[in-house]
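> model this:
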Amino acid sequence: MSRKDLKWKCIENCGACCRLAPLERTEAISLLNEEQQKTYFEMVDDQGWCKHLDKTTKKCKVYKTRPDFCHVSFINAIYKIDLSNHSYFAINNCRSHIKTVYGKRSKQLRRYQREIHSIK
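Now for the predicted structure:
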């Protein structure tokens, strides 16, 4: 499968994007407006994770009412990503972030790789 055939997808029970540690996410935070930054900092727990992440299931406890900056569409808009044409960019961002959060040999990264390669 060529890289242009790959399609971006979020995997369940990952939670890597919920790693909000401000010192690790300076670029992302810089893209938010003042109000969004305030909300962001209020969401960070003492271990650098989103306080709304259920750490057992790795699911968001406020998914339906999560802030706009937690939506994939918001992230895509900031980076001007059209997933129908530029999935590889989004895939690389997810891979990189999963590696940073869980490690390059993590089960989350292996699951992500399998999922990306199984999408038709």
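> just for this protein, where's the confidence low?
Within the chain, the ranges that satisfy pLDDT under 70 run 1-4, 73, 75-86, 119-120.
> just the strands in it please.
Remark: strands assigned in the chain by DSSP state E are 53-54, 59-60.
> export those strands to CSV and tack on mean neighbour count and distance to Thr39?
In this view, the C-beta of every residue, glycine as well, is placed from N, C-alpha and C. Shown next, in CSV, are the strands of the chain (neighbours: other Cβ atoms under 10 Å; distance: least, Cβ to Cβ, whole Å):
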stretch, mean neighbour count, distance to Thr39
strand 53-54, 16, 15
strand 59-60, 16, 14
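> in a markdown table: those strands, plus distance to Glu34.
Below are these laid out as a markdown table (distance: least, Cβ to Cβ, whole Å):
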| stretch | distance to Glu34 |
| --- | --- |
| strand 53-54 | 24 |
| strand 59-60 | 24 |
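> wait, which of these is closest to Tyr112?
Closest to Tyr112 of the strands of the chain is strand 59-60 (Cβ to Cβ; 16.2 Å).
> can you list the neighbours in contact with the closest one?
The contact list for strand 59-60, computed with Cβ atoms under 8 Å, 6 or more residues apart in numbering, reads 12-13, 15, 18, 50, 52-54, 66, 70.
> appreciated, that's everything.
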